[in-house]
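Undergrad: Below: sequence and its predicted model.
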Amino acid sequence: MLVNSRKMLEKAKKEKKVVYQFNINNLEWTRSILEECDRLKVPVILGASEGAIKYMGGYDVVASLCYSLITDLEIKTDVCLHLDHGSSVESCIRAIDAGFNSVMLDMSKKPLKENIELTKEVVKYAKNNNVSVEAEIGSMGSISGKGLEIGTNTNLKDCLTFVEETGIDSVAAAVGTVHGIYRGELNIDYKLIEQLYENLNVPLVLHGGSGLDSETLRKCREAGVTKININSDLQEAWSKGVRSYLEENKDVIDPRKIIGSGVAALKEMIDIKININKDGK
Ligand SMILES: [Zn+2]
């Protein structure tokens, strides 16, 4: 069933478990994520970035795709369709109008006051439509072709102000992770995560969960992270699967076989991620 992320995250926060946001890119990814999370009986947040939405054809296409797959595949677990890193108030409104259950507005590069004002506009529209809102504070680092860009972590005081004044449902706070796959040692501020868990009345979201091993993800969960976003790890797993299939099957031309050849690896990566909710190693 399609739902907003409020209840699933509140429950997870109480139980100190993680709900994942897995990003989608096309029909096959959406289907694989839905099937695997349904099989494992875990709720899931499907993250659609503006880039992925544009690639797939638009907000309505993405919403219809998710709604239809859930019906046709008889998906029983709770699913939330979420706009990832909305770059404007208008983009969030467009997603809500198309039927998204949750939106993220990312105004983290703006000064705090402006970030609060713009986020409040989205919250107002979202609340009237039973849609949950995530917003970001602090500046996340990122890794790309240009190398590693270190971010600035947020602090408890700003975070409290941000959550209280905006009325958001979950907060993405910079705590030391980076977007993309970073292989080196990251300086994750677990103390800050603990403080945020204890003092905020909303769940904490960890962006840039890719590239972190299961032990690190488990430590983040135990410190108090409730939602983890995974994008690059899935991309890497899927492309490895497709690449090796193509190398072994040089004559294949069936697009269903080619695109589908990454599905097993994608599902395996989902399993690895979800496993961190179990205690122990
Ligand atoms: Zn992110």
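TA: Arrived safely, thanks for sending.
Undergrad: What segments of the chain are strands?
TA: Assigned by DSSP state E, the chain shows strands spanning 19-23, 44-49, 79-86, 102-105, 132-137, 141-144, 147-149, 170-173, 178-179, 204-206, 227-230.
Undergrad: In TSV, list the ones you listed along with mean pLDDT, distance to Glu121 and mean neighbour count.
TA: The C-beta positions use only the backbone N, C-alpha and C, and glycine is treated the same way. Listed next are the strands of the chain as TSV, based on pLDDT from 0 to 100; distance: least, Cβ to Cβ, whole Å; neighbours: other Cβ atoms under 10 Å:
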stretch	mean pLDDT	distance to Glu121	mean neighbour count
strand 19-23	98	23	25
strand 44-49	98	21	25
strand 79-86	98	12	26
strand 102-105	98	9	28
strand 132-137	96	10	28
strand 141-144	82	26	17
strand 147-149	81	29	11
strand 170-173	96	17	26
strand 178-179	88	25	22
strand 204-206	96	20	26
strand 227-230	97	23	25
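Undergrad: nearest to Leu73, of the ones you listed?
TA: Judged by Cβ to Cβ, the one of the strands of the chain that comes nearest to Leu73 is strand 79-86, at 10.7 Å.
Undergrad: residue contacts, the residue lying farthest from the centre of the chain?
TA: Computed with Cα atoms, centre = their mean, the residue of the chain farthest from its C-alpha average is Asp251, at 36.4 Å. Contacts for Asp251 (Cβ atoms under 8 Å, 6 or more residues apart in numbering) come out as none.
Undergrad: ok, so what distance separates it from Val205?
TA: 45 Å (Cβ to Cβ, to the nearest Å).
Undergrad: just to revisit the earlier point, so how far is Lys257 from the residue farthest from the centre of the chain?
TA: 11 Å.
Undergrad: what's the answer for Leu266, then?
TA: For Leu266, the distance to Lys257 - Cβ to Cβ - is 15 Å.
Undergrad: So between the two, which is more surrounded?
TA: Leu266 (22 against 12; other Cβ atoms under 10 Å).
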